[in-house]
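# Output the structure for:
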Amino acid sequence: MIRANGLGLHVQRLRPSHQRPHATVVFVHGAFIDSLASYYFTLGPRFVAAGFDAVMYDLRGHGRSERPPTGYALEHFTADLDALLDELGIAHPVHLVGNSFGGTVALDFVVHRPERVATVTVIESGPASRAWSHTMTSALRHAGDMEDDEALAWFTEQYGTFSSTRTGDALHDAHIRRLGRAAARLVRSTTIADDMPTGRVLTDEQLGGVRCPVLLINGQEGLVAAESARLRSLLPHCSVAVVPGQKHSVLVEASDAVGRLALDWVREHAGAAPEPSGAEPLR
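Numbering: from 1, shown residues only. The predicted structure follows:
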């Protein structure tokens, strides 16, 4: 547990054991049904095996991090990341990897703290915009008005629409219900449903000012294709990669493909040697 920005944040940091790290990669997970575990069991170990320092942490209110009753606007999440880097003594620019809402945090961070970022990899996500804010307002206030059982059912249904692999088997559905139950508790016990949609948004001019390389990784059947096309036209150094046959949950359901893409990208910009397998990334 690290005390940062006035909160206790649960952090897992993995480093290569026999060499000096090429660079530091910071992984930012998604909101509500996510935690650092989605990286701990997918991309984190892969980056460490390739010689990188990997930092994973639970966002405020998520996983094992502290859950304050208020303070869930985007700027709070960005300030947490800034303070966490200070507390960990990481002064050099880091490679940010953000999934879903974590990608929104990463893009906000690179706009407001550009000197701390070497590259950004965004998985099925986009920046906080006015359209994003309207969508979040409608969805979260709808969930916040529900009774606990209704909210659980709603989050479970949303997860099902994001998944490419949901089969309806009892074990998988029990896992989805656990995720939905945690998300419902977060909404019911905090002001996140009011705070998140009313936080700051990024303008096209701010996005156009991002100078570091940005990679957008999308599921072929995901949620952000239109937004990614817009971003590619705004960001000076932006690439887009698509994982075939995948929806929004591409990180955990196609982690090998996402891992190849993200690792190749960070290797290229960190000046590290290519992966020995010679695997070709999906472009």
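
# In contact with Gly271, which residues?
Going by Cβ atoms under 8 Å, 6 or more residues apart in numbering, Gly271 touches His22. Backbone N, C-alpha and C define where each C-beta goes, glycine included.

# Per-residue pLDDT of it, please?
pLDDT, Gly271: 82.

# Skip ahead from the lengthiest helix in the chain and say which helix or strand is next.
Looking across the chain with DSSP state H, the single longest helix is helix 170-189. Next in sequence after helix 170-189, counting helices and strands by DSSP states H and E, comes helix 192-195.

# Now do the buried residues in that following helix.
Neighbour-count burial for helix 192-195, with 16 or more other Cβ atoms under 10 Å as criterion, is recorded at Ile192, Ala193, Asp195.

# Then stretch 80-94?
Neighbour-count burial for stretch 80-94, counted by 16+ other Cβ under 10 Å, picks out Asp80, Leu81, Ala83, Leu84, Leu85, Leu88, Ile90, Pro93, Val94.

# for the longest helix of the chain, what is the average pLDDT?
Averaged over helix 170-189, pLDDT sits at 75.

# Repeat that for stretch 204-213.
On average, the pLDDT along stretch 204-213 is 97.

# quick one: low-confidence parts of this structure?
For the chain, the stretches with pLDDT under 70 are 141-173, 272-283.

# Which parts of it are helices?
Counting by DSSP H, the chain has helices at residues 37-40, 43-49, 74-87, 101-112, 130-144, 148-162, 170-189, 192-195, 204-208, 225-234, 250-253, 255-270.

# and these as a markdown table, adding distance to Val243?
Formatted as a markdown table, these follow (distance: least, Cβ to Cβ, whole Å):
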| stretch | distance to Val243 |
| --- | --- |
| helix 37-40 | 16 |
| helix 43-49 | 14 |
| helix 74-87 | 26 |
| helix 101-112 | 15 |
| helix 130-144 | 22 |
| helix 148-162 | 14 |
| helix 170-189 | 20 |
| helix 192-195 | 29 |
| helix 204-208 | 24 |
| helix 225-234 | 12 |
| helix 250-253 | 5 |
| helix 255-270 | 5 |
